[in-house]
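Colleague: My questions are about this predicted structure, shown below with the sequence.
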Amino acid sequence: MQKFFVFTVLFLSLIVRVQAHTFLPTSDFIEGYETYIKGKNLSISLVRIGAYYGGYDDYERLDYTNPKDPILLGIRNNSLPERYSHTFLCRDFKFDILGPDNKAVGKIILQEAEAKTYDSFFYITNVNVARKHQGKGVGTRALKEFIHLFEAINPHCKRFSLVVYSENQKAALVYARAGFWLSDCRTGKKTKDISSFADIILDQTQTNYFKVMIRERGDALIAIPSAYKDDKQEIITRLLAAQEANQKPVVVAEKLPKRDTQVAEPFCHKVTRLMFRNFKFLSRSLWTCKEYVRITLSTSAAVATTEALA
C-alpha cells in the first residue's frame, strides 16, 4: 500500500511537469518558410535559427544567409541526425526588417522554449527599428508579417507574448496594431480595462516599470490609423471592435502541407529525457512521500500503543 501511494504521487507529479511544448522540427520550419514566402514581397527575412539540444552547453546555429551552412545543407539533403526532429530546450529565430531598398533597418528576435515566458512558449524578445526609419509604419508592417508567417507555418504556435518598457513611448501602439492586447498582471489573460489599455497606447511612458502584451492565434488586428493615434475615445472604440471580433470563431484560411519525413520522438524517449531533466524535482517528491509515509506510520503506531496501554 505504501509503495502504491509513493508511485502514484510520483506519476501524478511527472504528468504535471511533462506538459512540454511541441516543437516543429527545424527542417519543417525551413520548408514551410520557403513555401510561404514564394510570390510575396515581405518586409522581413530569416537570418538565423539557434537551438539548444539536450543542454545549455549544446548550442547550434543555422545561418540561413549562408547557402553552405552545414545544418542548412543537411536539411536540403535530408541527412540531418535524428535529434534534429526532436524537442529542444530552447530555440531562437532572428529576422531582419527590410526597408524600401531591401536593406536591413531593424530586427525581430523570437524565443521559443519548452517553458513558458509570460504564459507563452513564443516570446518576442526584441523588435528594433533604426531611429531614422521609425514612425513610417516599417515596424508595424514587419511585426504583422512576422506573426502571420509563424501562425501559417507552425501549428503549435498558439500564443505570443512580449514586454513593453516604459522608456518606449509608442511601442504599445505598434504592438496593438499587430493584434497584441494588454495582459492583466493578476490573471495573465487579456485585460478588460479598455481605458487603461488606451492610455498605454497613447503614451507608454506614463506607466510604471513594464507591461506584458499577448496575442492569441488568429486575433484580429487593431486598426488605429495615424489620424486617430492621439484620440483616446477613438482608440477605445477600435479596441472594443477588436475585442468583439476576437470573441468570434476564427477560420484558418491558409494551411501548409506537412512533411512526410517528420519523425516523432518515441514516447519512451520523451519520458526518459524529461525524467532525467527533472531528476531533482522527482528526488524531492520521493523524499516528501517517504516522510509522509514515515510520519503516518509513526502516528499510527503511537495511537495503537496508547490504545493498548489504555
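Modeller: On my side now, so go ahead.

Colleague: Can you give me the domain assignment for this protein?
Modeller: Following automatic domain parsing, one gets these domains for the chain: 25-157, 160-251.

Colleague: Kindly reformat these as a markdown table containing mean neighbour count.
Modeller: Heads up, the C-betas are built off the backbone N, CA and C, glycines and all. Listed next are these as a markdown table, based on neighbours: other CB atoms under 10 Å:
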| stretch | mean neighbour count |
| --- | --- |
| domain 25-157 | 17 |
| domain 160-251 | 17 |
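
Colleague: Mean pLDDT for those - can I get that in JSON lines?
Modeller: JSON lines is the format used below for the domains of the chain (pLDDT from 0 to 100):
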{"stretch": "domain 25-157", "mean pLDDT": "89"}
{"stretch": "domain 160-251", "mean pLDDT": "87"}
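
Colleague: Now do the helices in the stretch 151-300 of the chain.
Modeller: Secondary structure of the stretch 151-300 of the chain by DSSP state H, counting those that start in this stretch: the helices cover 171-177, 194-202, 232-246, 267-277, 279-309.

Colleague: Which neighbouring elements make contact with the first one?
Modeller: Right, the one you point to is helix 171-177. If you count contacts as 3 or more CB pairs under 8 Å, 6 or more residues apart in numbering; DSSP states H and E, helix 171-177 packs onto strand 122-129, helix 138-153, strand 159-165, helix 194-202, strand 210-216.

Colleague: what do you get if the cut-off is 10 Å, keeping everything else the same?
Modeller: strand 122-129, helix 138-153, strand 159-165, strand 181-182, helix 194-202, strand 210-216, helix 232-246 (3 or more CB pairs under 10 Å, 6 or more residues apart in numbering; DSSP states H and E).

Colleague: What of the third one?
Modeller: Using 3+ CB pairs under 10 Å, 6+ apart as the contact test, the elements touching helix 232-246 are helix 171-177, strand 181-182, helix 194-202.

Colleague: Which of the helices and strands packed on helix 171-177 sits closest to F93?
Modeller: Proximity to F93, assessed across these by CB to CB, is greatest for helix 138-153 (8.4 Å).

Colleague: Strands along the stretch 1-150 of the chain, start to end?
Modeller: 44-52, 59-63, 90-98, 104-113, 122-129 (DSSP state E, counting those that start in this stretch).

Colleague: any chance of the ones you listed in CSV, plus distance to V164?
Modeller: As requested, the strands of the stretch 1-150 of the chain are exported to CSV (distance: least, CB to CB, whole Å):
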stretch, distance to V164
strand 44-52, 20
strand 59-63, 29
strand 90-98, 18
strand 104-113, 15
strand 122-129, 10
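
Colleague: which one of those strands lies closest to L80?
Modeller: Each of the strands of the stretch 1-150 of the chain was scored for nearness to L80 using CB to CB, and the closest is strand 59-63 (10.4 Å).

Colleague: Direction included, what does that closest one pair against?
Modeller: Sheet pairing for strand 59-63, assigned by DSSP bridges, gives strand 44-52 (antiparallel).

Colleague: Now do the strand it pairs with and helix 138-153, the angle between them.
Modeller: 60 degrees (axes from the mean of the first three to the mean of the last three CA atoms, to 10 degrees).

Colleague: then strand 44-52 to CSV, C-alphas only?
Modeller: Extracted C-alpha coordinates of strand 44-52, given in CSV (Å, rounded to 0.1, in the frame of the first residue of the first chain):
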residue,chain,number,x,y,z
ILE,A,44,11.1,40.5,-43.1
SER,A,45,13.8,38.0,-43.9
LEU,A,46,15.1,35.0,-41.9
VAL,A,47,18.7,35.4,-40.8
ARG,A,48,19.4,32.6,-38.3
ILE,A,49,17.9,29.9,-36.1
GLY,A,50,19.8,28.9,-33.0
ALA,A,51,18.9,25.9,-30.9
TYR,A,52,19.9,24.2,-27.7
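
Colleague: Quick check, pLDDT for A304.
Modeller: Listed pLDDT for A304 reads 58.
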